[in-house]
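Asker: show me how the following folds:
(chains A and B)
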Number of protein chains: 2
Amino acid sequence: MCKVLMGAQTLIYPMPVLLIGAKVHDKPNFMAAAWCGIANGEPPMISVAIRHQRYTLRGIKQNLTFSVNVPSTDIVRETDYCGIISGSKVNKVDICQFNVFYGKLDNAPLIKQCPVNLECEVVHILDLGSHLLIVGRIEETYVSQVCLTDGKPDVNKIKPLIYCSDPACHYQAFGEVIAKAFSIGEELKHRE
Amino acid sequence: MCKVLMGAQTLIYPMPVLLIGAKVHDKPNFMAAAWCGIANGEPPMISVAIRHQRYTLRGIKQNLTFSVNVPSTDIVRETDYCGIISGSKVNKVDICQFNVFYGKLDNAPLIKQCPVNLECEVVHILDLGSHLLIVGRIEETYVSQVCLTDGKPDVNKIKPLIYCSDPACHYQAFGEVIAKAFSIGEELKHRE
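Answerer: Alright, predicted model coming up:
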């Protein structure tokens, strides 16, 4: 199995595409972000890498609150739009016809059309170079009732998007179930 | 669209399942991790959240280097095994029959069977509570030649796994292409 050196690349699979929300100049705004990951368990935290120039970042820095909204395949057009255009030029909420609501935090706008929404308070900001890594403590999680099965979030109803940069930049859906986690690995225990 | 409050949860879609490698007591070891994300563009960086008790963490702290290996659906059994068992108890490399190789960094073991491998040097360690958030600078990227198309990584050949905690913990494959990124959103421009 021959390996090819590609240089230092930001290449992992899968990457999400999430809509990061903040109030900027008192108006809700959203940007698309793929460079996010869960950062801690107790208390629950998330990290989001945001380029210094981003309009949404102004609101996050000012209010130290933000939201994370998980879009579904139904709003791929709106999600992509939020990654193309700056909120300094247009009102994305109007153009995307987002229904915005607020939960516990005044300045973390949430999108009703997104099946999963997190409200976050900033706990760390790391300047790593081209991007700031924002670490936020998740204060509350909202899930659309229609996306629950037996009271639990159901990925088949949520229909999340995957952002995929290679071979061409596109969004993919989730595919077939491959195996049960914390279970299929047990099959190797006889080798111990 | 009614929303249900779920409390503060680490709920985003998709999450990856990556094999984090380190040398611990001079032996290569790997753990499965879902809480990872790209953290910076220039220079390229990645963040990985690791629970304090993890055996792999000892090696990362000692050597300040680690690897990130993207498993394919072909090795879901081995990947899951690395998330079930501690390297303090067994030699996971032997049991999983991983072919380990090294690149530029002495203490970042890479798995040949994983189509994508990153070598990383630790630049930040944040204690966030239950987990340490390790931020690593990506020093080199390796891709299996058979997973390239026209010299570029091809997701259809890489066949990555998605970790999905809801409704039941399982691994999923990538599904159909939904839309072209930085493109389909243009369709909303007429509303500006």
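
Asker: which elements pack onto the biggest strand by length in chain A?
Answerer: Of all segments of type strand in chain A, defined using DSSP state E, the longest is strand A:131-144. Judged by 3 or more C-beta pairs under 8 Å, 6 or more residues apart in numbering or on different chains; DSSP states H and E, the packing partners of strand A:131-144 are strand A:45-51, strand A:65-70, strand A:116-127, strand B:3-5, strand B:36-40. From N, CA and C alone the C-beta is placed, and that goes for glycine too.

Asker: now render the ones you listed as CSV, adding distance to B:Glu186 and mean pLDDT.
Answerer: CSV is the format used below for these (distance: least, C-beta to C-beta, whole Å; pLDDT from 0 to 100):
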stretch, distance to B:Glu186, mean pLDDT
strand A:45-51, 21, 98
strand A:65-70, 21, 98
strand A:116-127, 26, 98
strand B:3-5, 30, 98
strand B:36-40, 25, 98
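
Asker: ok, which of the ones you listed comes nearest B:Val68?
Answerer: For these, the distance to B:Val68 is smallest for strand B:36-40, at 7.1 Å, taking C-beta to C-beta.

Asker: contacts for the closest one?
Answerer: Outside strand B:36-40, the residues within contact range by C-beta atoms under 8 Å, 6 or more residues apart in numbering or on different chains are A:10, A:12, A:15, A:34-38, A:47-49, A:126, A:128-131, A:133, B:16, B:18, B:20, B:44-49, B:68, B:135.

Asker: that older thread, save the helices and strands packed on strand A:131-144 as CSV, and put in mean neighbour count and distance to A:Lys180 too.
Answerer: Formatted as CSV, the helices and strands packed on strand A:131-144 follow (neighbours: other C-beta atoms under 10 Å in any protein chain shown; distance: least, C-beta to C-beta, whole Å):
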stretch, mean neighbour count, distance to A:Lys180
strand A:45-51, 25, 26
strand A:65-70, 27, 23
strand A:116-127, 21, 22
strand B:3-5, 14, 26
strand B:36-40, 27, 21
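
Asker: A:His25: which of these is closest?
Answerer: strand A:65-70 (14.9 Å).

Asker: the helix or strand following that closest one packs against which elements?
Answerer: Per DSSP states H and E, the first helix or strand lying C-terminal to strand A:65-70 is helix A:76-84. Contacts defined by 3+ C-beta pairs under 8 Å, 6+ apart place helix A:76-84 against strand A:27-33, helix A:92-96, strand A:170-180, strand B:170-180.

Asker: so helix A:76-84 versus strand A:170-180, what angle?
Answerer: Between the axis of helix A:76-84 and that of strand A:170-180 there is an angle of 120 degrees, by axes from the mean of the first three to the mean of the last three C-alpha atoms, to 10 degrees.

Asker: tilt between helix A:76-84 and strand A:65-70?
Answerer: Using the same axes, to 10 degrees: helix A:76-84 against strand A:65-70 is 140 degrees.

Asker: tell me the angle of helix A:76-84 relative to strand A:27-33?
Answerer: Using the same axes, to 10 degrees: helix A:76-84 against strand A:27-33 is 90 degrees.

Asker: which positions within helix A:76-84 qualify as buried?
Answerer: A:Val76, A:Glu78, A:Thr79, A:Asp80, A:Tyr81, A:Cys82, A:Gly83, A:Ile84 (16 or more other C-beta atoms under 10 Å in any protein chain shown).

Asker: got the phi/psi numbers for the closest residue to the third one other than its chain neighbours?
Answerer: What that stands for is A:Thr79. Leaving aside its chain neighbours, A:Thr79 sits nearest to A:Pro71 (4.3 Å; criterion: C-beta to C-beta, 6 or more residues apart in numbering or on different chains). When read as degrees, to the nearest 10, the backbone of A:Pro71 gives phi -80, psi 160.

Asker: what's near enough to touch A:Pro71?
Answerer: With C-beta under 8 Å, 6+ apart, A:Pro71 has these contacts: A:Val17, A:Leu18, A:Leu19, A:Glu78, A:Thr79, A:Ile111, A:Gln113, A:Cys114, A:Pro160, A:Leu161.

Asker: next: A:Pro160.
Answerer: A:Pro16, A:Val70, A:Pro71, A:Ser72, A:Thr73, A:Pro115, A:Phe174, B:Tyr13, B:Pro14.

Asker: what's the answer for A:Ile60, then?
Answerer: A:Ile60 touches A:Ile20, A:Ala22, A:Ile50, A:Phe66, A:Val122, A:Ile134, counting by C-beta under 8 Å, 6+ apart.

Asker: hang on, the third one packs against A:Leu57?
Answerer: In this case it means A:Ile50. Yes - taking contacts as C-beta atoms under 8 Å, A:Ile50 lies within contact range of A:Leu57: 5.0 Å.

Asker: does stretch A:166-181 come close to chain B?
Answerer: Yes - contact of stretch A:166-181 with chain B (C-beta under 8 Å from any C-beta of the partner chain) involves A:166-181.
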